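A.B. asks: Any chance you could fold what I've pasted below:
(one chain, ligands or ions: 1)
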Amino acid sequence: MSFPVFLWTAACSLRISYICTKNIDLKDERTLDVIHVKSMQAVRVDDAGRLDVKHVPRPEPKDGQLLIRVAATALNRADLLQKRGVYPPPPGESEILGLEASGVIADIGPEVKGNWMLGSKVMALLGGGGYAEYVAVPEELIMPVPSHLDLHQAAALPEAWLTAYQLLHFIAKVKPNETVLIHAGASGVGTAAIQLVRLCRAIPVVTTGSPEKLKFAEQIGAAVGINYKEEDFSEKVLQFTEGKGADVILDCIGGSFWEKNICSLAMDGRWVLYGALGGKTADGDLFGKLLRKRGHLLCSLLRNRSLQYKAELVRSFTEQVLPHFQSTDPPLRPVIDSMFNMEDVEMAHQHMEANKNIGKIIIKIGTS
Ligand SMILES: NC(=O)c1ccc[n+]([C@@H]2O[C@H](COP(=O)([O-])OP(=O)(O)OC[C@H]3O[C@@H](n4cnc5c(N)ncnc54)[C@H](OP(=O)(O)O)[C@@H]3O)[C@@H](O)[C@H]2O)c1
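C.D. replies: Numbers count the residues shown, from 1 in each chain. Next up, the predicted model:
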């Protein structure tokens, strides 16, 4: 960071903490805040395809947007694909990686309707741009940080928890006492899904690829854990459900699991495909087998949904789930695998690529 930029950043940090302690209304103060800082540090993909921290222009909040000074972001599988150039951001979204962030409100754009306060702690679902010191976000995609969580923990919530909530309640419409088979049970999305299935009094059954991950999944609520590398998960699911099968399958694996998934599915069951870690092709009698089960194959991607859809998801999650992070029964908690500094983001990517994480990998941004 150059010396003048450092001075501005330091001055703005002081300004934000002052406003926070004074609880001054944002709209009266915004022109006095960080709007003079025109550049920021962000992680960019270099020509060799590696991640590097660089100075880039700071985003300006547009109509209906807030500017967040980012304290932390978290990794998602989509970041690994975007880095390799095979998953570009939707049109209009930042080219910078990062689908979620936590931080404090640093500025407010025109036409914002909510009563937001400068310095408030928030977390947000992003179309991109989280690996940076500042990100501009539509106000509808911003949530308050539950009071029991710090900003690093909060960065673990938006993408994984909103995805799991969306798959269970908007797509599969899960009901109490149903059995939900969750693949990649120790992943960011998987660890959120286990807790959300328990919250709605349904029964989570998970697959993972190691005894350590299985043990962890069971500790946070999985009724049964199956090591898919050592056992036929469909046999175990049928055994557990006394031959009925799983009512819902949350499947981010796809290709390599398709046949066992259909064997595991209950009649009229809902198979929700939301990733393809095990490949995108299925060889064999997929449609015949699915038809005989009268199975519902439902596919979902969150990132390319409309702002209106995401806003409704965020609103529903804020009302229905966020209060449970404050309660003790049942205690919801973000699962954090590890934290890396912004400069070490390449190492963090390698950790995820090697399937080593249980829960979320956090990237600390700046000095927050
Ligand atoms: N559709 C959407 O809107 C949406 C949104 C968010 C995430 N996603 C998807 O959700 C999935 C999980 O994301 P995440 O960020 O939570 O992942 P994550 O924390 O990185 O965990 C992924 C885990 O999947 C397992 N896995 C990897 N390759 C596998 C394979 N070939 N067969 C079986 N298991 C495999 C590994 O665990 P084991 O050691 O247990 O094998 C790995 O640790 C990803 O596919 C991601 O793209 C989709």
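A.B. asks: For the nearest residue to Gln195 once chain neighbours are set aside, the count of nearby residues, please.
C.D. replies: Nearest residue to Gln195, sequence neighbours excluded (Cβ to Cβ, 6 or more residues apart in numbering): Leu332, at 5.3 Å. Heads up, the C-betas are built off the backbone N, CA and C, glycines and all. Neighbours of Leu332 under the rule other Cβ atoms under 10 Å: 22.
A.B. asks: so which helix or strand takes in Leu332?
C.D. replies: Using DSSP states H and E, Leu332 is not contained in any helix or strand.
A.B. asks: Pretty sure it sits against His324.
C.D. replies: Yes - applying Cβ atoms under 8 Å, one finds Leu332 in contact with His324, separated by 4.6 Å.
A.B. asks: Now list whatever residues contact both of these two.
C.D. replies: Taking Cβ atoms under 8 Å, 6 or more residues apart in numbering as the contact criterion, the residues that touch both Leu332 and His324 are Leu199.
A.B. asks: show me where the stretch 51-200 of the chain has helices.
C.D. replies: In the stretch 51-200 of the chain, the segments counted as helices under DSSP state H, counting those that start in this stretch are 77-83, 151-154, 158-165, 188-199.
A.B. asks: Leu141 is nearest to which of these?
C.D. replies: Between Leu141 and these, the tightest spacing by Cβ to Cβ is seen for helix 158-165, at 8.2 Å.
A.B. asks: angle of that closest one against helix 188-199?
C.D. replies: Here the directions of helix 158-165 and helix 188-199 differ by 50 degrees (axes from the mean of the first three to the mean of the last three Cα atoms, to 10 degrees).
A.B. asks: follow-up on the earlier one: contacting residues for the residue nearest to Gln195?
C.D. replies: Applying Cβ under 8 Å, 6+ apart to Leu332 gives the contacts 195, 199, 321, 324-325.
A.B. asks: can you name the two of these that are farthest apart?
C.D. replies: Longest span within these, Cβ to Cβ: Leu199 and Phe325, 10.8 Å.
A.B. asks: quick one, which of these two is more surrounded?
C.D. replies: Between Leu199 and Phe325, counted using other Cβ under 10 Å, Phe325 has the larger neighbour count: 19 against 16.
A.B. asks: Need the pLDDT of the closest residue to the more buried one other than its chain neighbours.
C.D. replies: Nearest residue to Phe325, sequence neighbours excluded (Cβ to Cβ, 6+ apart): Pro146, at 4.0 Å. Pro146 is assigned a pLDDT of 95 by the prediction.
A.B. asks: What degree of burial does Pro146 show, as a neighbour count?
C.D. replies: Taking other Cβ under 10 Å as the criterion, the count of residues near Pro146 is 19.
A.B. asks: Mind listing residues that contact stretch 93-100?
C.D. replies: For stretch 93-100, contacts defined as Cβ under 8 Å, 6+ apart pick out 42-45, 51, 56, 59, 73-74, 76, 78-79, 82-83, 89, 123-132, 135, 155, 157-159, 303.
A.B. asks: where in the stretch 201-350 of the chain is pLDDT low?
C.D. replies: Screening the stretch 201-350 of the chain residue by residue with the criterion pLDDT under 70, one finds the ranges 328, 330.
A.B. asks: Do a quick rundown of the strands in it.
C.D. replies: Assigned strands in the stretch 201-350 of the chain, in chain order: 203-208, 224-227, 246-251, 265-273, 296-299, 336-341 (criterion: DSSP state E, counting those that start in this stretch).
A.B. asks: Quick check: which of those is nearest to the ligand?
C.D. replies: Comparing the strands of the stretch 201-350 of the chain against the ligand with Cβ to the nearest ligand atom, the closest turns out to be strand 203-208 (3.5 Å).
A.B. asks: Direction included, what does the closest one pair against?
C.D. replies: As defined by DSSP bridges, the strand partners of strand 203-208 come to strand 179-182 (parallel), strand 224-227 (parallel).
A.B. asks: got the buried residues for stretch 163-183?
C.D. replies: Counting neighbours by 16 or more other Cβ atoms under 10 Å, one finds that the buried residues in stretch 163-183 are 163-172, 174, 178-183.
A.B. asks: before we move on, what about stretch 329-344?
C.D. replies: Buried residues in stretch 329-344 (16+ other Cβ under 10 Å): 332-340, 342.
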